[in-house]
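K.L.:
Below is the structure, and that's it, no one-letter string:
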């Protein structure tokens, strides 16, 4: 399934515990040519929202609780198996490469 972005850029769904983390990751990815949308861990109806949106990569950022992280991965693997998943645990220096590597696989 392709992203519905008008410019045909790849779309990354960014999930993190805190809004400022989501915004920082989104900004970094947008500067590298990706479309993004951000979601915080506590957003109500997250799985329902993800099931309605088109995206190429699910980027799970820092601070996301392990059980929630597992639920997200399971949900995407079941409902959107074509979506690549990046589980990020490090600093910001590796974000761009992690997304590019996932898309290339």
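P.N.:
That came through fine. Predicted model, so just to flag it, every value in this text is computed and none were measured.

K.L.:
next helix or strand past the helix or strand of the chain with the lowest mean pLDDT?
P.N.:
Among the helical and strand segments of the chain, the one scoring lowest on mean pLDDT, DSSP states H and E is helix 46-52, with a mean of 82. With elements assigned by DSSP states H and E, the helix or strand that comes after helix 46-52 is strand 57-60.

K.L.:
hang on, the earlier thing: buried ones in the least confident helix or strand of the chain?
P.N.:
Within helix 46-52, the residues that count as buried by 16 or more other C-beta atoms under 10 Å are 46, 50. Where you see a C-beta, it was placed from the backbone N, CA and C, and this is true even at glycine.

K.L.:
For that helix, name the packing helices and strands.
P.N.:
Packing contacts for helix 46-52, counted by 3 or more C-beta pairs under 8 Å, 6 or more residues apart in numbering; DSSP states H and E, involve strand 35-40, helix 66-79.

K.L.:
between the ones you listed, which one is nearest to residue 47?
P.N.:
helix 66-79 (5.2 Å; C-beta to C-beta).

K.L.:
so how far is the closest one from its chain's centroid?
P.N.:
Counting by C-alpha atoms, centre = their mean, to the nearest Å, helix 66-79 is centred 12 Å from the centre of its parent chain.
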